[in-house]
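Sharing a model that was predicted from the sequence below.
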Amino acid sequence: MKNKLVADLLYQIADLLDIKGEIFFKTRAYRIAAQNIEVLTEDIEVLAKENRLKNINGVGEALSLKIKELFETGKIQYYEKLKKEIPKGALELLDISGLGPKKVSILFNTLNISNIEYLKKACIEGKLRNLDGFGEITERNILRGISLKEKTSGRILLNIAYETGEKYINYLNKYDKIDKISVAGSFRRMKETIGDLDLIVSSNSPHKVMEYFIKYPKVKRILLMGNTKTSVLLENNIQVDLRVIEDKSFGAALQYFTGSKEHNVKIRGIANKKGYKLNEYGLYNKENGNFVVGKTENEIYQKLKLRFIEPEIRENRGEIEAAFSNILPKLVKYDDIKGDFHMHSTWSDGNNTIEELALFSKKLGYKYIGIADHSESLKIANGLNSEKIKKKINEIEKINSKISDIEVFCGTECEIKKNGRLDYDKNILKKIDFVGIAIHSSFKTNKKDLTDRIISAMQNEYVDYLAHPTCRIIGRREPLDIDIKKIFEAAVETNTYLEINAFPDRLDLNDLNIRHAKDIGVKFIIGTDSHNINHLNFMRYGIATARRGWLEKKDIINTYSKEKIDIIFRR
DNA sequence: GCCGTTTTCGGCCCGACTGTTTTCAGTCG
């Protein structure tokens, strides 16, 4: 599937056209097309061959020709030409806070600034202040933007955002001038990484709330401050934006600032067609400007004849159409999970004993857990040999008779060897309750071998689930180069559950893969990959990712009752 | 560049804040 590649190319063309000064709607058209291609389940190369590109939303005559050209010649002339006009470094300038296409265009065309290094130098030398629309403050802001980019390298992981947001909200909750408070933005949608934290507050004393907001002890700098909007930078370099509105607009603001942008554009388009105008203050009658609703999100969706859409799926990936036809999925809930089958104990590389894990899990309300320690060949993680497995089984039996109301299962996270065989033989595998399999080494073989290796392991009759299927680590390791669709098909054929690994830098499978897999008929299991009891709390990020992948309770094995799980895992 | 039970041409979401200006453009979300 080259869908991602085509989408990235169109995004790049949009950026290049922005800098060139092309009209907004044209560059937006490229981005809309790119977005729709990114979420396409069908292989775009097949669509191109069968002349069906124009079936994709946002792809018309011009774009379909360009995509066809790409598949036929390996290049798009239009893109090649743009690249020659505008160097790659100029695109990077767009990432700097405070710089948009217009300013980048001026910088490039007048001072020939084509990378961040030159820009930094020019700012320090005071060369920008004489340009039209620039001044000394702009120079300082750009320098600040550069240093921030160097420090944070972009986005933060969901769990960091969660912990930071939780503390800030606790602080705000102590202030009696605040009525309602909620998170918004990509954080509320539980995206795997977050740009900055958005908070929405309703209050009749906005100015006082702003004053209190900026007094939070962890604030390092105030970025901007007004009566409705204030932004601060925290000591950990996370930006937090606060919006304060009246209570009657709380739902409208929440809807507006939760996004995604793409979702909102479509929703506002629908509002328009129905004779309304929608903004962060409410839904208004377009004719007379009268306020219609705005206190809750639900009222707004209702007025637009849509079912309520959960924040996690507001990405304009078909949820609006589904809400209209009343066929939205009943997303798995955060308290639907009854157990966790991916945790490591002191037997391998975990920091807590099985008993400690069991007691903590019981506190979380779980009915069962599975201990999935590493297998023999993963020496670095203290993988278990057959002797140790026997002892571990004994220990688990003792714990099960000692602790009530939670059942502990003995399992493994078994290495898939280079030849596709498992690290343990049949005699061991049949003794333990469940078998998760995973790759931790020899990533860099070719695509076909890697795919075959995983599928051949899935075909082993004792295997229950495939852990972190793509092995990506956010910000550090790209997903494995595997034929993911074949893996999904094999999962259905061999009845292997695919894990949604909830560890914040994995979240693997990701939202899009989950949706594609679900369409094929895959069943899932959410595992935290815990190495200590605190990691067990990561489950929420796995559930969030499952929700973003449109999963329902019935799609996920560890929402099942203990009786059902007994049937599945007790051999 | 796309799209059409408002349009095949003329729309395409909308408002706050900042810094630069002297009424507004650019950026951001």
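Nice, I can see it. Just so you know, these numbers come straight off a predicted model, no measurement behind them.

What residue in the stretch 51-200 of chain A comes nearest to DNA strand B?
Using CB to the nearest atom of the strand, the single residue of the stretch 51-200 of chain A nearest to DNA strand B is residue A:135, 1.9 Å away. The C-beta positions use only the backbone N, C-alpha and C, and glycine is treated the same way.

Just the pLDDT at that residue, thanks.
Note for residue A:135: predicted pLDDT of 87.

and it, how many neighbours does it have?
Residue A:135: 12 surrounding residues under other CB atoms under 10 Å.

Residue A:190 too?
Residue A:190, neighbours per other CB under 10 Å, totals 23.

Report the secondary structure state of it.
Put simply, residue A:190 is coil when judged by DSSP: H, G, I helix; E, B strand; the rest coil.

Secondary structure element holding the nearest residue to it once chain neighbours are set aside?
With sequence-adjacent residues excluded and distances taken as CB to CB, 6 or more residues apart in numbering, residue A:190 is closest to residue A:544, at 3.5 Å. Assigned by DSSP states H and E, residue A:544 belongs to helix A:539-548.

Can you show me the CA trace of that helix as CSV?
Output in CSV follows, covering the C-alpha atoms of helix A:539-548 (Å, rounded to 0.1, in the frame of the first residue of the first chain):
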residue,chain,number,x,y,z
MET,A,539,-4.5,0.7,29.9
ARG,A,540,-6.5,3.9,29.3
TYR,A,541,-4.2,4.8,26.4
GLY,A,542,-4.8,1.4,24.8
ILE,A,543,-8.5,1.8,25.2
ALA,A,544,-8.3,5.2,23.8
THR,A,545,-6.5,3.9,20.7
ALA,A,546,-9.1,1.1,20.4
ARG,A,547,-11.8,3.7,20.5
ARG,A,548,-10.0,5.8,17.9
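
hmm, who's touching the helix or strand that comes right after it?
Per DSSP H and E, the first helix or strand lying C-terminal to helix A:539-548 is helix A:562-569. Contacts with helix A:562-569, where a contact means CB atoms under 8 Å, 6 or more residues apart in numbering, come from A:338-339, A:367-368, A:370, A:407, A:409, A:411, A:433-434, A:464, A:557-558, A:560.

Equivalent analysis for stretch A:432-442, please.
For stretch A:432-442, contacts defined as CB under 8 Å, 6+ apart pick out A:341-342, A:370, A:372, A:378, A:381, A:389, A:393, A:409-416, A:418, A:422, A:429, A:453-454, A:457-458, A:460, A:462-468, A:471, A:480, A:499, A:527, A:569-571.

same question, stretch A:20-29
A:14, A:15, A:17, A:18, A:58, A:63, A:82, A:85, A:86, A:101, A:102, A:105.

Make sure residue A:405 is indeed in a strand.
No: Residue A:405: not assigned to a strand; according to three-state DSSP it is coil.

could you measure it against residue A:248, distance?
Residue A:405 sits at a distance of 47 Å from residue A:248 (criterion: CB to CB, to the nearest Å).

Over to residue A:223?
Residue A:223 sits 28 Å away from residue A:248, going by CB to CB.

neighbour count winner among the two?
Neighbours were counted for residue A:223 and for residue A:248 using other CB under 10 Å; residue A:223 has more, 18 against 14.

pretty sure residue A:353 contacts residue A:344?
No: using CB atoms under 8 Å, residue A:353 is not in contact with residue A:344, being 11.2 Å away.

Of the two, which one has the most company?
Of the pair residue A:353 and residue A:344, residue A:344 is the one with more neighbours under other CB under 10 Å, namely 24 against 15.

I'd like to know how many residues surround the nearest residue to the more buried one once chain neighbours are set aside.
In space, residue A:344 comes closest to residue A:350 once its chain neighbours are excluded; the distance is 3.5 Å by CB to CB, 6+ apart. The criterion is other CB under 10 Å. On that basis, residue A:350 has 24 neighbouring residues.

On the three-state scheme, residue A:350 is what?
Once three-state DSSP is applied, residue A:350 turns out coil.

and it, what is it in contact with?
A:343, A:344, A:357, A:373, A:530, A:531, A:532.

Of all pairs in those, which one spans the longest distance?
Maximum pairwise distance among those (CB to CB): 13.6 Å, between A:373 and A:532.

okay, these two: which has more neighbours?
Set residue A:373 next to residue A:532 and count neighbours by other CB under 10 Å: residue A:373 wins out with 26 against 16.

Contacts for the helix or strand harbouring that one, please.
Here residue A:373 sits within strand A:368-374, counting by DSSP H and E. Surrounding strand A:368-374, the residues in contact under the criterion CB under 8 Å, 6+ apart are A:338-345, A:347-350, A:354, A:357-358, A:361, A:381-384, A:392, A:396, A:406-413, A:415, A:433-434, A:436, A:467, A:527, A:562, A:565, A:569.

Can you give me the buried ones in the one helix or strand residue A:83 maps to?
In the assignment (DSSP H and E), residue A:83 maps to helix A:77-85. Neighbour counts using 16 or more other CB atoms under 10 Å place A:79, A:82 of helix A:77-85 among the buried residues.

State the next helix or strand along the chain beyond that helix.
helix A:88-93.

Which strands and helices lie in contact with that following helix?
Secondary-structure packing of helix A:88-93 (3 or more CB pairs under 8 Å, 6 or more residues apart in numbering; DSSP states H and E): helix A:3-20, helix A:101-111, helix A:116-124.

which residues are contacting it?
In contact with helix A:88-93 (CB under 8 Å, 6+ apart) are residues A:12, A:15-16, A:19, A:99, A:104, A:107-108, A:113-116, A:118-119.

does DNA strand B sit close to that helix?
No: interface with DNA strand B: helix A:88-93 contributes nothing (CB under 7 Å from any atom of the strand), its closest point being 9.4 Å away.

what's the most buried one of the helices and strands packed on helix A:88-93?
helix A:3-20 (a mean of 20; mean count of other CB atoms under 10 Å).

Pass me the low-pLDDT residue ranges in the stretch 151-300 of chain A, would you?
A:151-154 (pLDDT under 70).

Tell me how far residue A:396 lies from DNA strand B.
To DNA strand B, residue A:396 is 49 Å away according to CB to the nearest atom of the strand, to the nearest Å.

Just say helix, strand or coil for that residue.
helix.

one step back: show me what the helix holding residue A:83 is packed against.
Against helix A:77-85 (3+ CB pairs under 8 Å, 6+ apart) you get helix A:3-20, helix A:61-73.

can I get those helices in JSON lines with mean pLDDT and distance to DNA strand B?
Listed next are these as JSON lines, based on pLDDT from 0 to 100; distance: least, CB to the nearest atom of the strand, whole Å:
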{"stretch": "helix A:3-20", "mean pLDDT": "88", "distance to DNA strand B": "8"}
{"stretch": "helix A:61-73", "mean pLDDT": "93", "distance to DNA strand B": "3"}
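
can you put those in CSV and add distance to residue A:227?
Below are these laid out as CSV (distance: least, CB to CB, whole Å):
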stretch, distance to residue A:227
helix A:3-20, 31
helix A:61-73, 43
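
So for residue A:201, which of the ones you listed sits nearest?
helix A:3-20 (33.4 Å).

Any part of the next helix or strand after the closest one near DNA strand B?
Per DSSP H and E, helix A:3-20 leads on to helix A:24-38 as the next helix or strand towards the C-terminus. Yes: Helix A:24-38 is in contact with DNA strand B by CB under 7 Å from any atom of the strand, via A:25, A:26, A:28, A:29, A:30, A:32, A:33.
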